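S.K.: 3D model of this:
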Amino acid sequence: ITTMARRNDEIAGELSDLYRRTRRHVADLLQAKQDEGVLRLADEPEAVAAILFALGDGIALQVLHAPDRVRELGKWVRAGVVCARALLGA
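M.R.: Now for the predicted structure:
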């Protein structure tokens, strides 16, 4: 879909809107959990949500572009979890 979005403005707009709505929804959930005292976010909820998605997207790209290194996926995910915990105040 991302490749198609590069060539088609309508798809790009829809994809951008989908990402924005998804980030906003997750940010709202993070804010609610922070308000309940479950989390202590390291930054604004929208920023934390964006970085959490970026971590996942980045790992996915690494797997796609370096399939010979998939055996390292566990290490990448562990490092991502460390980042996520820091952002979530865990």
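S.K.: tell me which helix or strand the residue nearest the centre of the chain sits in.
M.R.: Nearest to the mean C-alpha position of the chain, by C-alpha atoms, centre = their mean, lies residue 53 at 0.6 Å. Assigned by DSSP states H and E, residue 53 belongs to helix 45-65.
S.K.: list the buried ones in the very next helix or strand once past that helix?
M.R.: Later in the chain than helix 45-65, the nearest helix or strand by DSSP H and E is helix 73-88. Neighbour-count burial for helix 73-88 flags 76, 80, 84, 87, 88 (criterion: 16 or more other C-beta atoms under 10 Å). No exception for glycine: its C-beta is placed from N, CA and C like everyone else's.
S.K.: now residue 38, what's its secondary structure?
M.R.: coil (DSSP: H, G, I helix; E, B strand; the rest coil).
S.K.: got the phi/psi numbers for it?
M.R.: Phi and psi for residue 38, reported as degrees, to the nearest 10, are phi -80, psi -40.
S.K.: sounds good, over and out.
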